[in-house]
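Q: Quick one: sequence plus predicted model below, questions after.
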Amino acid sequence: MKNKHGLTILVVFIIGASLIVSCQSSDEGSDGEFTEAFMGSLSASATANGQVHPKKEATLAMEIPGRVENVAVSKSDHVKTGDVLVQLEPDLLEFNVAAATQALKMAEATLAMMQAEPTAANVAVAETAVAAAQAHVDAVRDGPLDDQIVAAQAEARAAQSAVAAASSQLSQVRAGASEAQIAAAKVQLAQAEAERKFAELAFDSANQDERDSDSEAIVLASANEAKVAAQIQLDDLLAGADQDIVGGAQARVAASAAQQEAAQAQLSLLERGSSDMLIAGAEAQLAQAEANLDALLTGASEEKISAAEAQVEQARIALDEAEDALAKATLVAPFDGVITVVFISEGEIAAGPVISIIDPKSLEVILDVDEVDIGTLAIGQPATITLEAWPDIEIESEITSIAPGASSGNGFFSDLVTYVVHLGLGQTDLPIMMGMTAEANLVTAERDNVLLVPNRALRFDRQTGKSFVNLALDDTVREVEVVVGLRDHMHTQIISGLVAGDQLLIVDQTNRFEFDIEGNGDIPEGNFGSSPFIGG
């Protein structure tokens, strides 16, 4: 057995020597090649797809209902901040503003009057009102004068005569007039005329004697009415029976009866003297006049001033609301942008969205990033973007925001969990449009001045989770364990196990051998011809 093992060791050394010679002549052979560990920079990245969206976009609606008077924009129009987009009919709103303005002025005037000192003219007017109210109270308490009763009696008699005349006239027009009736009507007219003249002379005499002529005036008025009634009666008799005349006669009877009732009621009131109700009413008027004078002299109370101030504030709030409603009747652009949709037309009632607008200068790329990669991303990390329309042009970018919650897929991909990531668009002359498809390369980590080796120089043992390289030293090659760090598609960072300048053997995939890790040439049984070298 010992000789057999010795032979085996000799064969291995012969093969190893041949391999070293072959590797040193990598330019000529195809068994392997050497590379060197070096200091450099490294970045790792993840990729994700998404679309171009505007960062600033809005769908606008009117804040108050109303009929659209004017739509000032169309789809694709460019607008500036504050430009008018939609105008509602303002007539009613402007009227409300005017009414609220007037109400505020009145409330302010009332408050000013309460706070101002009283003028002599205002005091004189108030004092006159008190004196008049007092005289009225005295007159009511003393009862009616004799001449007032006489005048009321005369008015009642005249009213009674008017009723009789109207009734007689109605009977005559219904039956037709006779010669005797016409003659009697003429006599009655002459008598009424005489009474009117007598009353007129009495009235003139009373004025000349400078006495109270109120009673005479009432008697004269009653005589005039009786004369007019007698004249009408005569005229109707002479005109003969007529349906219109009959109707007119009936109306005069009714009117005369109503006048008689009023005259009789007034006479009865005067004959009874002043009632408690009349006295109470007169005294209430006097009390109000006195209160008005007192308020004018002493000024308004604090409670009244406070109430007036509250009314002013309420009027001011109402005006603010009316002006705000008028302002809301005009929809303006909230930012510079382009109109994308117009939902309303002139003459329609504004309800719901009316305008959509975007800011084309605020475009960004929104990605759906797999949860496997989201842990390596952070706001501010650099990225590059390529658009499907220009796949060969890279646009510099960076992560501007990451959604705090995940978005679950639907349907067949319902188990896929992604996160929304926003990327800003750097300076570019490309005519980028909303909705374009984009692919982003997200730099997840960067390392500067670190030890690097090609990925093809590493072997990874999946069972142990360890990494190895083939270190060439003093014309020998030995497998050495290394601790790795960041990795991209070409290089891997070496944290420990190598130094800069170390030479490494990259064995061709078709020529794989397992070298003694300890370097003593011992090869475990059953491992000869295994494939420890994994390129790339």
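A: Done, it's in.
Q: pLDDT weak spots in the stretch 101-250 of the chain?
A: Low-confidence segments of the stretch 101-250 of the chain (pLDDT under 70): 140, 142-148, 172-173, 175-178, 205-214, 236-237, 239-245.
Q: could you pull out the helices for it?
A: For the stretch 101-250 of the chain, helices defined by DSSP state H, counting those that start in this stretch occupy the ranges 120-142, 146-175, 179-208, 214-239, 243-272.
Q: Would you mind measuring from the residue most central in space within the chain to residue 330?
A: Central residue of the chain (Cα atoms, centre = their mean): residue 63, 4.3 Å from the mean position. Residue 63 is 10 Å from residue 330, where distance means Cβ to Cβ, to the nearest Å. To be clear about C-beta, it is placed using only N, CA and C from the backbone, and glycine gets the same treatment.
Q: how far off helix 120-142 does the helix or strand where residue 100 lies point, in degrees?
A: Using DSSP states H and E, residue 100 sits within helix 91-115. Between the axes of helix 91-115 and helix 120-142, defined by axes from the mean of the first three to the mean of the last three Cα atoms, to 10 degrees, the angle is 80 degrees.
Q: Buried residues in helix 91-115, which are they?
A: Within helix 91-115, the residues scored as buried using 16 or more other Cβ atoms under 10 Å are 93, 96-97, 100, 103-104, 107-108, 110-111, 114.
Q: and which of those is nearest residue 472?
A: For those, the residue nearest residue 472 by Cβ to Cβ is residue 93; the value is 89.6 Å.
Q: Wait, the closest one touches residue 325, no?
A: Yes - Residue 93 is within contact range of residue 325, at 5.5 Å (criterion: Cβ atoms under 8 Å).
Q: need the contact list for residue 328.
A: Contacts of residue 328 were listed using Cβ atoms under 8 Å, 6 or more residues apart in numbering, and they are 62-64.
Q: Tell me how many other residues crowd residue 230.
A: Using other Cβ atoms under 10 Å, residue 230 is surrounded by 25 other residues.
Q: thinking it is in contact with residue 189, fair?
A: Yes - between residue 230 and residue 189 a contact is recorded at 4.0 Å, counting by Cβ under 8 Å.
Q: Can you tell me what sits against the helix holding residue 100?
A: With Cβ under 8 Å, 6+ apart, helix 91-115 has contacts from 66, 299-300, 304-305, 308-309, 311-312, 314-316, 318-319, 321-323, 325-326, 329.
Q: so what's the backbone phi/psi at residue 35?
A: phi -140, psi 170 (degrees, to the nearest 10).
Q: coming back round to it: could you dump the contacts of residue 328 to a markdown table with pLDDT?
A: Listed next are these as a markdown table, based on pLDDT from 0 to 100:
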| residue | pLDDT |
| --- | --- |
| 62 | 91 |
| 63 | 90 |
| 64 | 88 |
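Q: Save these as a markdown table, and put in distance to residue 502 and secondary structure too.
A: Below are the contacts of residue 328 laid out as a markdown table (distance: Cβ to Cβ, whole Å; DSSP: H, G, I helix; E, B strand; the rest coil):
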| residue | distance to residue 502 | secondary structure |
| --- | --- | --- |
| 62 | 74 | coil |
| 63 | 73 | coil |
| 64 | 78 | coil |
